[in-house]
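Student: Next come a sequence and a model predicted from it.
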Amino acid sequence: MPMSRADLEADLRAAFPDAAIVLEDTVGDGDHWRAKIVSAAFAGLPRVRQHQLVYAALGDKMGGVLHALALETSAP
């Protein structure tokens, strides 16, 4: 079962409550998403660490209900 936009946004918002989040279902199947996340939580962190925080927030959903996630992260 694919991951819905609402579920993905809820998981991201729980981890990054201050974030501006833009989601795009890149192929229309709910399995391949692009996310742009701007959060103060990313301030001063290298991009790889920012992405690790996002993956940690999604836990075991990555590779499960969420097959692919292209990330663009930054601090405000």
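Tutor: Cool, got the structure. Numbering: from 1, shown residues only.

Student: what's the distance between the closest residue to Gly30 other than its chain neighbours and Val27?
Tutor: Residue nearest to Gly30 in three dimensions, not counting chain neighbours: Pro2, with 2.7 Å by Cβ to Cβ, 6 or more residues apart in numbering. Glycine gets a C-beta too; all of them are placed from N, C-alpha and C. Shown here: Pro2 relative to Val27, a distance of 10 Å by Cβ to Cβ, to the nearest Å.

Student: Looking at the two, which one has more neighbours?
Tutor: Remark: of Pro2 and Val27, Pro2 carries more neighbours, 15 against 11, as counted by other Cβ atoms under 10 Å.

Student: Surely that one forms part of a helix?
Tutor: No: under the criterion used here (DSSP: H, G, I helix; E, B strand; the rest coil), Pro2 is coil, not part of a helix.

Student: what about Leu66, how many neighbours?
Tutor: 21.

Student: quick one: contacts for the residue of the chain most remote from its centre?
Tutor: The C-alpha centroid of the chain is most remote from Gly44, which lies 18.6 Å away (Cα atoms, centre = their mean). Shown in contact with Gly44 (Cβ atoms under 8 Å, 6 or more residues apart in numbering): Ala75.

Student: Quick check on it: phi, psi?
Tutor: phi 80, psi 0 (degrees, to the nearest 10).

Student: try Leu69
Tutor: According to degrees, to the nearest 10, Leu69 has phi -140, psi 110.

Student: okay, the closest residue to it other than its chain neighbours: pLDDT?
Tutor: Spatial nearest neighbour of Leu69, chain neighbours left out: Trp33 (5.2 Å); criterion: Cβ to Cβ, 6+ apart. Note for Trp33: predicted pLDDT of 95.
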